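Asker: Sequence first, then the predicted structure:
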Amino acid sequence: FTALVPQLVRILKNLIMSGYSPEHDVSGISDPFLQVRILRLLRILGRSDDDSSEAMNDILAQVATNTETSKNVGNAILYETVLTIMDIKSESGLRVLAINILGRFLLNNDKNIRYVALTSLLKTVQTDHNAVQRHRSTIVDCLKDLDVSIKRRAMELSFALVNGNNIRGMMKELLYFLDSCDPEFKADCASGVFLAAEKYAPSKRWHIDTIMRVLTTAGSYVRDDSVPNLIQLITNSVEMHAYTVQRLYKALLDDISQQPLVQVSSWCIGEYGDLLVSGQCEEEEPIQVTEDEVLDVLEGLLVSNLSTPVTRGYSLTAIMKLSTRFSSVNRIKKVVSIYSSSIDVELQQRAVEYNALFKKYDHMRPALLERMPIMEKTASNGPTEIMQTNGETEPSVPDTKHLAASKVLCPYVSLSKQCSRIQVLTMFFGGYVWYYFFTLNCAFLSSAIPPMTAYSKNGLKIEFTFERANPNPNIAVITIHATNTTEADMTEFVFQAAVPKVSHDLSVTFV
């Protein structure tokens, strides 16, 4: 059928060049229904055909420049012309002309025309990004439209236009839209801001400020991974720790209703509370705050009706971490002790564990509650890696909640298909296998201990081997061999240990 292209071009040219014909005229345009049909057929014939596309370039340019736009019938023809130009292998100048027509459609009073223009621009923005960028201000103005469909299309197109050159200006407009938009838009808008900021952030400070602005404005609508992602960003921005904890502390004083913001703030205060009270911020004027004031805020979160159970867990862990950063250790002990009888089982478990730290393993507390190391993402949604001082990495959790988000203070291990050999002597509660090993009687330990398989199902096999420490034979070293017997990778592999009421020296070693 491509041989019919020249004939179709002649028919279309006659229609646009012909004079007034009352039997076919609609609002001053000759036979618009036939023009639309021809344009649709040309679109099909010119797709992926260089010769046919070349033959129809001129007539499409004539239709685009000569069609009257004061009536909807003319707009219908122009719209079909634009679709044809964008679908065939047209010249670059012709494509720019088509996008400019869509840009004029955005100024039309008819909301249906504005909507189809935004939809068409969204389809073409990847192939003709620069041409669409020229209409950026008009597109952003559509965010203020009363029609929800137009606002949604304008929001999607605005995010598609964001790049490294316009990130600051576009984010300013989109954050303003996030402040004032209906709740149905907030989740998608917040996600778009997060992705754009992560990809094009001009600086770490700007990135952190932007995410904090979103959490302050629409914290209840953000994705579940927003909190760990921001925590990871803050952890990796070493030079911004003092600035960030100060900003988050101020935000916490202003509003505690946005739970994701409260969780991030609690985590940061627990990690960098010493920087907050020391006033080391160089980015802006430091605030004067005492240790007692910081603890008052965190204790207030524990009793607030606005706090979720997860938020209370963050707050309690933050208070615990401050026991190695603040001098108010007795006050922290008292708070932790109170929640040992909490009706919230999760909170009670943490408090019991933290009490055990104070009472029996106080010498290990500074090491267990030290600051998070720098973490590095291996993929957008993949696990993170902890950077070691020797430049090597070890697998870590897919998120960065660390102590504030985990149920116990224990390492998370990612297993590959090969055997992962971990030499562990650790502590804390919940692991029946570890409880068994720590309750072995002395007579049994005095002799050679044969290896044993502690667990073997669901694709995971765990074997224990034992050896005497040299030169002290009273110390037994337990080595765990964890093997993934499935074809797929296994992640988030957690070891927990329960310690009975006897004396043990525990250490953690990764091999």
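Answerer: Right, received. Where do you want to start?

Asker: if you average pLDDT over the host helix or strand of residue 199, what comes out?
Answerer: Assigning secondary structure by DSSP states H and E places residue 199 in helix 183-200. Averaged over helix 183-200, pLDDT sits at 91.

Asker: And stretch 336-354, by the same measure?
Answerer: In the prediction, stretch 336-354 has an average pLDDT of 90.

Asker: buried residues in that stretch?
Answerer: Across stretch 336-354, burial judged by 16 or more other C-beta atoms under 10 Å covers 336, 339-340, 342, 347, 349-354. All C-beta spots, glycine's among them, are computed from the backbone N, C-alpha and C.

Asker: Please, where are all the helices along the stretch 251-400 of the chain?
Answerer: Secondary structure of the stretch 251-400 of the chain (DSSP state H, counting those that start in this stretch): helices at 259-278, 291-303, 309-321, 329-338, 345-360, 365-368.

Asker: With distance to residue 120 as new columns, can these be given to me in a markdown table?
Answerer: Converted to a markdown table, these look like this (distance: least, C-beta to C-beta, whole Å):
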| stretch | distance to residue 120 |
| --- | --- |
| helix 259-278 | 36 |
| helix 291-303 | 49 |
| helix 309-321 | 44 |
| helix 329-338 | 60 |
| helix 345-360 | 51 |
| helix 365-368 | 58 |
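
Asker: among these, which is nearest residue 184?
Answerer: helix 259-278 (18.9 Å; C-beta to C-beta).

Asker: buried sites along the closest one?
Answerer: Buried residues in helix 259-278, counted by 16+ other C-beta under 10 Å: 259-277.

Asker: again with stretch 224-243
Answerer: Buried positions in stretch 224-243, judged by neighbour count with 16+ other C-beta under 10 Å: 226-237, 240-243.

Asker: Check stretch 242-261 too.
Answerer: For stretch 242-261, by 16+ other C-beta under 10 Å, it's 242-249, 251-252, 256, 258-261.

Asker: next one: stretch 211-224
Answerer: 211-215, 217-219, 221-222.

Asker: And stretch 49-57, by the same measure?
Answerer: 49, 52-53, 55-57.

Asker: got those residues as TSV, with pLDDT columns?
Answerer: Formatted as TSV, these follow (pLDDT from 0 to 100):
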residue	pLDDT
49	78
52	83
53	81
55	84
56	83
57	83
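
Asker: Can you lay out those as CSV showing distance to residue 86 and secondary structure?
Answerer: Shown next, in CSV, are the buried residues of stretch 49-57 (distance: C-beta to C-beta, whole Å; DSSP: H, G, I helix; E, B strand; the rest coil):
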residue, distance to residue 86, secondary structure
49, 15, coil
52, 15, helix
53, 12, helix
55, 17, helix
56, 13, helix
57, 13, helix
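
Asker: rewinding a little: among the buried residues of stretch 211-224, which two are most distant?
Answerer: Using C-beta to C-beta, the pair of the buried residues of stretch 211-224 lying farthest apart is 212 and 221, separated by 15.1 Å.

Asker: If you rank every helix and strand of the protein by mean pLDDT, what lands last?
Answerer: Every helix and strand of the chain was ranked by mean pLDDT, DSSP states H and E. The lowest is helix 432-438, at a mean of 29.

Asker: hang on, the earlier thing: now, which of the buried residues of stretch 49-57 sits nearest residue 40?
Answerer: Closest to residue 40 out of these is residue 56 (12.4 Å), distances taken as C-beta to C-beta.

Asker: wait, residue 8 sits on residue 42?
Answerer: Yes - between residue 8 and residue 42 there is a contact under C-beta atoms under 8 Å: 6.0 Å.

Asker: shared neighbours of these two, which are they?
Answerer: residue 56 (C-beta atoms under 8 Å, 6 or more residues apart in numbering).

Asker: Of those two, which one has the most company?
Answerer: residue 42 (27 against 20; other C-beta atoms under 10 Å).

Asker: so who does the more buried one touch?
Answerer: 5, 8-9, 12, 56, 60, 84, 88.

Asker: so which pair among the residues you listed is furthest apart in space?
Answerer: 12 and 88 (14.0 Å).

Asker: what residue lies at the spatial centre of this protein?
Answerer: residue 226 (4.8 Å; C-alpha atoms, centre = their mean).

Asker: so what's it closest to, chain neighbours aside?
Answerer: residue 260 (5.8 Å; C-beta to C-beta, 6 or more residues apart in numbering).

Asker: next one: residue 119
Answerer: residue 153 (5.9 Å).
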